[in-house]
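Engineer: Using only what follows, build the 3D model:
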Amino acid sequence: MGPVGAAPALHEKGERLDVMWAPWRMEYIGSPKPTGCIFCEKPTAGDDPANHIVWRGNHAFVLLNAYPYNNGHLMVAPYKHIANLEDLAPDVTAEMMRLCQDAIRALKRDFNPDGVNMGINLGSAAGAGSRITFTSTWYPAGTATRTSCP
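Structural biologist: The predicted structure follows:
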């Protein structure tokens, strides 16, 4: 049995896969999108809890995705609006990775997931707009879902 909201689907070769369906994202999909950059605006808004910011470093911060595909979807972003990974200063890159490590430790401690998926979004086609974000998504214990071909 897959996660809540998972619907069975067929792979092109006829293999059964679980497809994640997140109906709570419909509010976001149907709403007007912000004109500014949420990663620039949220850390300067002065209300971390309302903006889902859960941890701050000197160069980057961690926030919860307000409309995640899966519970526990965290994002790590630099304070500076930088689009290219290769343009990050070494100390910013190192801090972002440390924040990812801390976030994964917290997810493992508090949710006991079967696994954690971490990636780097570069550019709008990857879901990052015009800046870099590292993302981390947790999978609850007992709900491992195969989402790719062997």
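
Engineer: hey, let's count contacts and neighbours off CA atoms from now on
Structural biologist: Noted.

Engineer: F39 contacts A77, doesn't it?
Structural biologist: Yes - the criterion here is Cα atoms under 8 Å, and F39 meets it with A77 at 6.9 Å.

Engineer: For this structure, which segments are assigned as strands?
Structural biologist: Ranges of strands in the chain, per DSSP state E, are 7-10, 16-19, 53-56, 60-64, 74-78, 115-122, 132-139.

Engineer: Confidence-wise, which of the ones you listed is weakest overall?
Structural biologist: Across these, strand 7-10 has the smallest mean pLDDT, namely a mean of 41.

Engineer: Longest helix in this protein, please.
Structural biologist: helix 90-111 (DSSP state H).

Engineer: Looking at that one now, give me its mean pLDDT.
Structural biologist: On average, helix 90-111 scores 90.

Engineer: orientation of that helix relative to strand 74-78 in degrees?
Structural biologist: Counting by axes from the mean of the first three to the mean of the last three Cα atoms, to 10 degrees, helix 90-111 points 160 degrees away from the direction of strand 74-78.

Engineer: Helix 90-111 packs against which elements?
Structural biologist: strand 60-64, strand 74-78, strand 132-139 (3 or more Cα pairs under 8 Å, 6 or more residues apart in numbering; DSSP states H and E).

Engineer: List the buried residues of that helix.
Structural biologist: Of the residues in helix 90-111, 92-93, 95-96, 99-100, 103-104, 107-108 count as buried by neighbour count, 16 or more other Cα atoms under 10 Å.

Engineer: Same check on stretch 31-40?
Structural biologist: So for stretch 31-40, counting by 16+ other Cα under 10 Å, buried means F39.

Engineer: Stretch 44-55 now?
Structural biologist: The neighbour-count check on stretch 44-55 (16+ other Cα under 10 Å) flags 51-53 as buried.

Engineer: Out of those, which is nearest to N70?
Structural biologist: Minimum distance to N70 across the buried residues of stretch 44-55 is 15.5 Å, recorded for H52 (Cα to Cα).
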